[in-house]
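Peer 1: any chance you can model this:
(one chain, ligands or ions: 2)
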Amino acid sequence: MIVKRFVGDSAEGALRQAKTELGDEAIILSSGPTRDVWWRFWQRRYQVLVAADMKERAAPADLRPPRPAATHGAARPDVRLAPRQAEAPWSEMVGLLQSLDRRLKRLEEVDEAEVALVGHGAAEALLMTAGVSEGLAVRLAEGLPREGWREALQARLLERLGPPQPVSLKQPIVLTAVGPTGSGKTTTLAKLAAHFALVQRRQVLLVTTDTYRVAAAEQLRTFAAILSVPLEVALRPQEVESIVARSTHDVILIDTAGRSPFHELHVAEIHSVIRAAASRGASEVLAVLPATMRADEMLLAARRFAPEGAKICFTKLDEAERPGAMLEAALSLGWPLAYMTDGQSVPEDIDAGDPARLVHWLLNPDPVAGGEASG
Ligand SMILES: Nc1nc2c(ncn2[C@@H]2O[C@H](COP(=O)(O)OP(=O)(O)O)[C@@H](O)[C@H]2O)c(=O)[nH]1
Ligand SMILES: [Mg+2]
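Peer 2: Ligands and ions are numbered 1, 2, ... in the order given. Coordinates of the predicted model:
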């Protein structure tokens with residue numbers, strides 16, 4: 001007895017081959033789509049599994065189907081029973097083969113489930129390669145479609161990250177920059193001061209409360225002098241309140257010292273400055289977080305220094321290898337993205353904090369940090 005699998009581009013094609021080779025006596029055990037390589041699920045072909053109670057019959061040379069390529073229309077003897085088994089009763093043999101085929105079908109179903117995993121599996125892998133933690137990657141990739149998962153992931157991320165939210169200048173505003181030591185607070189405020197004063201033509205006042213390091217106030221003083229923007233130095237948080245109270249400027253930018261997020265007293269001082277800054281009109285807090293930090297470090301610093309709902313400014317995008325930590329921090333905090341900086345040059349290396357840029361970077365990993373914004 002002979003059992004053969006015939007594969008063709010259509011069920012008819014496969015059957016025609018079976019008849020040609022095994023004749024009309026052959027019994028069809030099963031037929032249906034085949035997937036030789038399950039991951040090429042779009043290349044669907046058809047197979048018939050045929051048994052014949054005879055020796056394999058060579059097709060006449062002129063009827064034998066052409067075999068240009070190894071995989072195209074070639075019949076492959078998959079199961080060839082040993083002569084001893086061929087002596088078993090015909091019906092028993094067919095039953096045996098049919099159960100074998102049912103088992104193979106079940107295996108194919110497992111493959112199908114695996115294919116369904118491809119959409120969110122690939123998204124998970126992409127997110128984790130970018131530095132997003134496994135837990136968040138799994139949640140973000142959940143339920144993404146098999147086809148078009150990249151677009152679906154992009155839409156999901158953009159929806160969760162929200163639109164860019166740079167500081168609004170519709171009314172006089174006090175903006176306080178907080179964050180870890182060396183995160184880029186002073187440099188970022190200098191960039192913003194230049195933008196607000198020179199481009200937006202607003203009356204800008206710079207205030208520094210960073211009097212701990214010898215050169216800290218001098219750094220801002222130098223920027224202020226270059227930009228022709230006034231600078232006030234507040235030695236204590238309480239002085240911020242009086243400076244803000246008597247100021248008539250459109251924008252007051254307050255710089256703070258970078259302190260340890262674990263030092264209770266230092267953290268309390270930053271919060272005193274934030275309260276003092278909020279004593280007059282509209283005020284916002286900018287959590288300045290370097291893209292080179294781990295997500296958990298960013299989260300800790302942001303939550304310790306800034307109040308809930310502060311705006312985020314990611315700095316040093318030019319030094320970061322991948323965007324995952326920023327995506328994770330922004331998504332976990334749920335705070336709006338205000339600015340991004342990608343260089344040391346004042347004033348040019350700053351942009352509105354566009355989540356689309358981070359998502360574009362995620363989907364198009366590139367050694368050039370930050371990539372290009374998608375739109
Ligand atoms: N590469 C890069 N360096 C930056 C960026 N922003 C700030 N820096 C540098 O980071 C260092 C610390 O910046 P600084 O503003 O003094 O940080 P602060 O301690 O938070 O006030 C300085 O050398 C800055 O020039 C940035 O976007 N990219
Ligand atoms: Mg500083």
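Peer 1: pretty sure residue 288 sits against residue 182.
Peer 2: No. Taking C-beta atoms under 8 Å as the definition, residue 288 is not a contact partner of residue 182, at 10.0 Å. Any C-beta I mention is one placed from the backbone N, CA and C, and that applies to glycine too.
Peer 1: state the distance from the residue lying closest to residue 226 once chain neighbours are set aside to residue 179.
Peer 2: Spatially, and ignoring its direct neighbours in sequence, residue 226 is nearest to residue 346 (7.9 Å; C-beta to C-beta, 6 or more residues apart in numbering). Distance from residue 346 to residue 179, counting by C-beta to C-beta, to the nearest Å: 17 Å.
Peer 1: over to residue 135?
Peer 2: Taking C-beta to C-beta, one finds residue 135 at 25 Å from residue 179.
Peer 1: residue 351 now?
Peer 2: 18 Å.
Peer 1: also residue 319?
Peer 2: 15 Å.
Peer 1: compare these two (neighbour count), which wins?
Peer 2: Legend: neighbour count by other C-beta atoms under 10 Å for residue 319 and residue 179, higher for residue 179 (28 against 13).
Peer 1: just the pLDDT for residue 109.
Peer 2: As predicted, residue 109 sits at a pLDDT of 61.
Peer 1: typo on my end, it should be residue 235
Peer 2: Residue 235 is given a pLDDT of 89.
Peer 1: contacts only, for it.
Peer 2: residue 211 (C-beta atoms under 8 Å, 6 or more residues apart in numbering).
Peer 1: need the three-state assignment for it.
Peer 2: Here residue 235 is recorded as coil under DSSP: H, G, I helix; E, B strand; the rest coil.
Peer 1: next: residue 340.
Peer 2: The three-state label given to residue 340 by three-state DSSP is strand.
Peer 1: isn't it right up against residue 357?
Peer 2: Yes. If you go by C-beta under 8 Å, residue 340 and residue 357 touch, sitting 6.8 Å apart.
Peer 1: and residue 272, how far from ligand 1?
Peer 2: Residue 272 sits 19 Å away from ligand 1, going by C-beta to the nearest ligand atom, to the nearest Å.
Peer 1: now residue 274
Peer 2: 16 Å.
Peer 1: also residue 134?
Peer 2: Residue 134 is 29 Å from ligand 1, where distance means C-beta to the nearest ligand atom.
Peer 1: try residue 156
Peer 2: Separation of residue 156 from ligand 1 (C-beta to the nearest ligand atom): 28 Å.
Peer 1: and for that residue, the neighbour number?
Peer 2: By other C-beta under 10 Å, neighbour count at residue 156 equals 18.
Peer 1: could you measure from it over to residue 240?
Peer 2: Applying C-beta to C-beta to residue 156 and residue 240 gives a distance of 41 Å.
Peer 1: and residue 360, by the same measure?
Peer 2: Distance, residue 360 to residue 240, using C-beta to C-beta: 39 Å.
Peer 1: what does residue 93 give?
Peer 2: For residue 93 relative to residue 240 (C-beta to C-beta), the value is 92 Å.
Peer 1: go on, residue 92?
Peer 2: As judged by C-beta to C-beta, residue 92 and residue 240 stand 93 Å apart.
Peer 1: so for the two, which sits in the more crowded spot?
Peer 2: Taking other C-beta under 10 Å, residue 92 and residue 240 do not tie; residue 240 has more neighbours (27 against 10).
Peer 1: residue 252 is in contact with the more buried one, correct?
Peer 2: No. Taking C-beta under 8 Å as the definition, residue 240 is not a contact partner of residue 252, at 9.2 Å.
Peer 1: what is in contact with these two at once?
Peer 2: 207, 277.
Peer 1: find me the pLDDT at the closest residue in space to residue 343 that isn't next to it in sequence, would you?
Peer 2: Nearest residue to residue 343 in three dimensions, chain neighbours excluded: residue 349, at 3.3 Å (C-beta to C-beta, 6+ apart). pLDDT, residue 349: 96.
Peer 1: ok, the one 3 residues further on next?
Peer 2: Per-residue pLDDT puts residue 352 at 95.
Peer 1: report the separation between it and residue 48.
Peer 2: In terms of C-beta to C-beta, residue 352 sits 62 Å off from residue 48.
Peer 1: which of these two has more neighbours?
Peer 2: Higher neighbour count among residue 352 and residue 48: residue 48, with 26 against 15, using other C-beta under 10 Å.
Peer 1: tell me who's in contact with the residue of the stretch 1-150 of the chain found nearest ligand 1.
Peer 2: Here the residue of the stretch 1-150 of the chain nearest ligand 1 is residue 131; by C-beta to the nearest ligand atom that distance is 18.1 Å. Neighbour list for residue 131: 295, 322, 323, 324, 325, 328 [criterion: C-beta under 8 Å, 6+ apart].
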